[in-house]
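Chemist: Please work out how this folds:
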Amino acid sequence: MSDGIGDSAIKALAPVLIVGMLGLAIAQAIAGFVGIQHHLGITVAVIALLLALVARFTLPLTVGAFFGAMNVWGWHWYWALAFTMPGLVFIALMIPGTLAASFAWGRKS
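Modeler: Below is the predicted model of the structure:
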C-alpha cells in the first residue's frame with residue numbers, strides 16, 4: 001500500500017467534499033420546501049419533507065427543488081436543473097436496485 005501524494009491529497013479533500021455534499025443536500029431540501037410551498041401550499045411541503053426524512057422518498061422534494069430554484073429564487077432553468085441533478089441521478093440509480101431487491105424478496109416467499 002502506498003501512501004503517496006495522491007493518497008494524502010484524497011484524504012485531505014474528503015472532509016471538504018463531505019461538507020460540500022451536506023451543504024448541497026440542505027440547500028436542495030430548502031429549495032424543495034420553498035418550491036412546493038410556493039406552488040402547492042405549506043401542508044404539502046411539510047408532507048414532502050416528512051416523506052423525504054422518514055420514508056427516504058425524495059422525488060417530490062427534488063422536483064420541488066427544481067421549481068423552487070427556478071420560480072422562487074429566479075434561476076434560469078438550466079442552472080436549476082444543474083442544482084437538482086445530483087438528486088435526480090441518485091434517484092435514477094436507486095430505482096433499479098429497489099426493483100431488483102423487491103423482486104428477489106418476492107421469490108424467497
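
Chemist: Can you point out the buried residues in whichever helix in the chain runs longest?
Modeler: Longest helix in the chain by number of residues (criterion: DSSP state H): helix 5-40. Across helix 5-40, burial judged by 16 or more other Cβ atoms under 10 Å covers 28, 29, 30, 31, 32, 33, 34, 35, 36, 37. C-betas here are computed from N, CA, C, even on glycine.

Chemist: Who are the packing partners of that helix?
Modeler: Secondary-structure packing of helix 5-40 (3 or more Cβ pairs under 8 Å, 6 or more residues apart in numbering; DSSP states H and E): helix 42-54, helix 59-67, helix 77-108.

Chemist: can you list the ones you listed in JSON lines and add mean neighbour count?
Modeler: Output for those, formatted as JSON lines (neighbours: other Cβ atoms under 10 Å):
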{"stretch": "helix 42-54", "mean neighbour count": "15"}
{"stretch": "helix 59-67", "mean neighbour count": "22"}
{"stretch": "helix 77-108", "mean neighbour count": "12"}
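
Chemist: quick one: low-confidence parts of this structure?
Modeler: The model of the chain has pLDDT under 70 over residues 1-6, 106-109.

Chemist: Report the central residue of it.
Modeler: Nearest residue to the geometric centre of the chain (Cα atoms, centre = their mean): residue 87, 3.3 Å.

Chemist: Return the residues in contact with the residue nearest to that residue when sequence neighbours are not counted.
Modeler: With sequence-adjacent residues excluded and distances taken as Cβ to Cβ, 6 or more residues apart in numbering, residue 87 is closest to residue 62, at 4.1 Å. Contact partners of residue 62, counting by Cβ atoms under 8 Å, 6 or more residues apart in numbering, are 28, 32, 84, 87, 88, 91.

Chemist: Could you export these to a markdown table, including columns for distance to residue 42?
Modeler: Below are those laid out as a markdown table (distance: Cβ to Cβ, whole Å):
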| residue | distance to residue 42 |
| --- | --- |
| 28 | 19 |
| 32 | 13 |
| 84 | 21 |
| 87 | 22 |
| 88 | 25 |
| 91 | 24 |
